Each structure stands twice: as C-alpha cells, then as structure tokens.
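1. Have a look at this prediction, sequence included:
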Amino acid sequence: MVAPEWVQALAPAAWYGRYGSRVEKDALPKGDAARTVLGEPIGTDGHALLAAVYEPAAPAWLREVPAVEMRRQAWIHQFFFEDDVVRWRKAADLPPLRTRFDSPYDGVVSPNPRNFGYPIKSTTYAQHQGHFWQKHEM
C-alpha cells in the first residue's frame with residue numbers, strides 16, 4: 001500500500017470491515033443486483049479516496065504514483081455519477097476491453113511462462129466474471 005498512514009487517517013471505520021481482507025471471486029454475491037449492492041459502495045469509496053488524493057492538502061507525490069493513475073482511469077471506466085450518487089456502469093456502457101482497466105491486475109505481466117507474459121484482461125466487466133490471458137494490440 002502506498003502512504004498507509006495517510007490512508008488510515010482519512011479512512012472511515014466502515015472501510016476496515018469492507019476492505020480488511022481480499023475478496024475472492026467465489027465469495028462474491030450471485031446475480032447482478034446483489035453484486036451492484038456490493039459494488040456501488042466500493043465505487044463510492046474509491047471516488048472518495050481519489051478525491052482525497054487530489055485535494056491540495058494531500059501529499060503531491062501521491063498524484064504521481066502510477067497505481068493511483070491506473071485506479072483513477074479504472075474508476076472513470078467503471079463508475080459514473082447520477083444525481084450525485086456513484087453508479088456502476090452496465091457492461092454495455094463500458095469502454096472497449098482493449099482500452100479499459102477492469103481490475104488492479106490489468107496490465108500486469110505474469111511471470112508464468114505458460115501465459116507468455118501477456119497482460120490479464122477481464123472477459124466481461126468489472127464484476128470480475130473471470131480473467132483470461134490474451135495479447136492485446138494497442
């Protein structure tokens with residue numbers, strides 16, 4: 001984690017329960033409606049964190065961290081505001097797969113030789129229906 005003390009100082013208590021451990025695909029709720037109930041608060045929290053990064057009081061170097069920029073782009077791709085409420089985009093409203101980030105692992109090159117070093121890309125949308133390895137022409 002980048003700047004853990006800074007994040008801890010601004011994180012509400014609810015974040016510790018929500019993000020205290022990694023969520024695996026098998027633990028995700030079944031069905032789009034249930035996943036939206038889980039996903040939209042995550043989107044709201046992510047927007048709050050990104051807004052804090054870009055506040056003048058935040059350390060300026062945070063805005064230069066590549067992972068912060070990747071997360072900012074992912075949030076633009078995955079969420080939008082509707083009447084000041086963060087909403088999760090439907091799959092049909094997402095940018096093309098080759099131009100978007102769906103997960104923190106997109107763009108990561110695997111050391112696994114079976115995967116030929118190709119970056120991970122989600123097969124559908126940010127609700128992580130699964131990942132596959134594919135070479136993407138940019």
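-> Everything's here; your move.

2. Name the residues that touch stretch 75-86?
-> 40, 43-44, 46-47, 50, 87-89, 94-95, 100-102, 125-126 (Cβ atoms under 8 Å, 6 or more residues apart in numbering). All C-beta atoms are positioned from the backbone trio N, CA, C, and that covers glycine.

3. Tell me the helices and strands packed up against the helix or strand harbouring Val7.
-> Using DSSP states H and E, Val7 sits in helix 4-10. On a contact count with 3 or more Cβ pairs under 8 Å, 6 or more residues apart in numbering; DSSP states H and E, helix 4-10 meets helix 32-53.

4. What average pLDDT does the helix it packs on get?
-> Here helix 32-53 scores 91 as its mean pLDDT.

5. circling back to that earlier point, widest-spaced pair of the contacts of stretch 75-86?
-> In the contacts of stretch 75-86, two members sit farther apart than any others by Cβ to Cβ. They are Thr44 and Pro95, at 20.7 Å.

6. mind listing the strands for this structure?
-> Taking DSSP state E, the strands of the chain run over residues 79-82, 85-88, 120-122, 131-133.

7. ok, of the ones you listed, where does mean pLDDT dip lowest?
-> Looking at the strands of the chain, the bottom one is strand 131-133 with a mean of 35.
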